[in-house]
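Peer 1: Would you be able to build a 3D model of this:
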Amino acid sequence: MCVHTRINQIGRLLLLGTAGLMVAGLLAAQLHAQNYQVSQNGKSVGTANLLLSKAAQGYTATSGANIDMPGLKYKFTENESLDAGYHLNTVQLNGTVNGTTATVNTAKLGAQFLMKINANGKLTTTPLAAHAQAVFVPDFDPGALEVVLKLGAAHNNGDMWALVPKQEGSITAIRIVTNADMQGTLNGAPLAVHHFSVTFEGNKMELFSSPANDLLQAEWTDEGFAMVRQGFKLTPPARAPAPPPPPAQPAATPQTQGQAVQQ
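Peer 2: Down below sits the predicted model:
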């Protein structure tokens, strides 16, 4: 084999290998870029989105939501820095609620999180205990719920905490109950679905995730809200079979016309 032919073959192999890596990278990015539909009582009221990317020291999560319904116009964008174990480093949120703008910045500083909330022309700075499994949890945030799922899976759903960006900011314990797995389809392909009941500070929700702990669906049953990943359908539990029909009653014996003759 001549040298030029060999060089050309090597060049083609390198090109194919590079293209394969690029395609794999694009597919990985697509797997972590998700869109969600938000509804209330079956009626669409908004959308949400999440982009989870690998970073040099861990992950970056970019998420947002846009809710437009009578009595609530709510919109936010959020950028979050996480370490390799999905633990929070810093987060910045910009949003509006019914026309009022607000920004929230939270960062881990030693043994505490420092949460700064700027809303209604007032800046509040609140130090909060820095629990390791703490998650920044705005309303309707798919990024927060996915981090809850991934941290919970890594730590057996124990010692979980919610950083709540409301009022002056607070931190409260998260309780997670594991339910029986369910079934669903994602883009037409069947998959097992993990089901968890999550409660914290008056919030109650049902979370449904893939075997890789990716958020597929969230339900706030008390308020009738649901957030469903594009392409996902949850298979409802099998209905109990209809009860068998009651046994047929024996037919009545026909009476002989007239009365028996007495002797």
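Peer 1: Can you show me the helices along the stretch 51-200 of the chain?
Peer 2: Under the criterion DSSP state H, counting those that start in this stretch, helices of the stretch 51-200 of the chain are mapped to 142-154.
Peer 1: Where does the prediction get shaky in the stretch 101-250 of the chain?
Peer 2: 237-250 (pLDDT under 70).
Peer 1: any chance you could map the strands in it?
Peer 2: 112-119, 122-129, 133-136, 160-164, 170-186, 189-200, 203-209, 215-220, 225-229, 232-235 (DSSP state E, counting those that start in this stretch).
Peer 1: Format these as JSON lines; extra columns: mean neighbour count and distance to Gln92.
Peer 2: Using the backbone N, CA and C atoms, a C-beta is placed for each residue, glycine as well. Formatted as JSON lines, those follow (neighbours: other C-beta atoms under 10 Å; distance: least, C-beta to C-beta, whole Å):
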{"stretch": "strand 112-119", "mean neighbour count": "18", "distance to Gln92": "10"}
{"stretch": "strand 122-129", "mean neighbour count": "13", "distance to Gln92": "14"}
{"stretch": "strand 133-136", "mean neighbour count": "24", "distance to Gln92": "10"}
{"stretch": "strand 160-164", "mean neighbour count": "22", "distance to Gln92": "13"}
{"stretch": "strand 170-186", "mean neighbour count": "14", "distance to Gln92": "18"}
{"stretch": "strand 189-200", "mean neighbour count": "16", "distance to Gln92": "22"}
{"stretch": "strand 203-209", "mean neighbour count": "19", "distance to Gln92": "22"}
{"stretch": "strand 215-220", "mean neighbour count": "22", "distance to Gln92": "21"}
{"stretch": "strand 225-229", "mean neighbour count": "22", "distance to Gln92": "22"}
{"stretch": "strand 232-235", "mean neighbour count": "16", "distance to Gln92": "29"}
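Peer 1: Need those strands in JSON lines (columns: distance to Asn105).
Peer 2: Formatted as JSON lines, the strands of the stretch 101-250 of the chain follow (distance: least, C-beta to C-beta, whole Å):
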{"stretch": "strand 112-119", "distance to Asn105": "5"}
{"stretch": "strand 122-129", "distance to Asn105": "9"}
{"stretch": "strand 133-136", "distance to Asn105": "10"}
{"stretch": "strand 160-164", "distance to Asn105": "12"}
{"stretch": "strand 170-186", "distance to Asn105": "16"}
{"stretch": "strand 189-200", "distance to Asn105": "22"}
{"stretch": "strand 203-209", "distance to Asn105": "22"}
{"stretch": "strand 215-220", "distance to Asn105": "24"}
{"stretch": "strand 225-229", "distance to Asn105": "25"}
{"stretch": "strand 232-235", "distance to Asn105": "33"}
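Peer 1: Any idea which of those strands gets closest to Val147?
Peer 2: Val147 lies closest to strand 133-136 among the strands of the stretch 101-250 of the chain, at 5.0 Å (C-beta to C-beta).
Peer 1: Nice, that's everything, thank you.
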